[in-house]
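Asks: pasting a predicted model and its sequence here:
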Amino acid sequence: MNAQESGPQINQERCDLCGRCVQFCQHHVLARQDNLILVTHPENCVGCGTCEEVCPRSAIAYSFAIVWEET
Ligand code: SF4
Ligand code: SF4
């Protein structure tokens, strides 16, 4: 799994369901289902970090995976 396949991490306890991350993600990675924000299409995530920037509660973060490659 690489960083783009994992998508952002969401802290559901901090999230107040404002919907800004869903609204501003142009790649339709996120969706609200009932009382949760879910990463429904992690394969579409390009790692732009917009969701993290627009979240007013610091409840979502795009974290890069570190992958060691043998040379
Ligand atoms: S990092 Fe960018 S593409 Fe990925 S979920 Fe956030 S806003 Fe969408
Ligand atoms: S922007 Fe932040 S607080 Fe708002 S729905 Fe997304 S994760 Fe939750």
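Replies: Alright, I've got the coordinates. Ligands and ions are numbered 1, 2, ... in the order given.
Asks: next, the contact list for Leu30, please.
Replies: Neighbouring residues of Leu30 by C-beta atoms under 8 Å, 6 or more residues apart in numbering: 8, 21-22, 37-40, 51. Every residue, glycine included, has its C-beta placed from N, CA and C.
Asks: tell me which of those fall in helices.
Replies: Mapping those onto helices (DSSP state H) picks out 21-22, 51.
Asks: ok, of these, which one's closest to Glu70?
Replies: Among the ones in helices among the contacts of Leu30, Cys51 lies closest to Glu70 (C-beta to C-beta), at 32.6 Å.
Asks: show me the contacts for the closest residue in space to Arg57 that isn't next to it in sequence.
Replies: Distances taken as C-beta to C-beta, 6 or more residues apart in numbering place Arg14 nearest to Arg57, at 5.0 Å, with adjacent residues excluded. Arg14 makes contacts with 57-59, as judged by C-beta under 8 Å, 6+ apart.
Asks: by neighbours, which of these wins?
Replies: Within these, Ala59 tops the neighbour count with 21 neighbours, counted by other C-beta atoms under 10 Å.
Asks: near ligand 2, which residues of this protein are found?
Replies: Taking C-beta under 6 Å from any ligand atom as the contact definition, the chain meets ligand 2 at 10, 15-21, 37, 54-55, 57, 59-60.
Asks: how about stretch 52-63: buried residues?
Replies: Neighbour counts over stretch 52-63 (16 or more other C-beta atoms under 10 Å) mark 52, 55, 59-60, 62 as buried.
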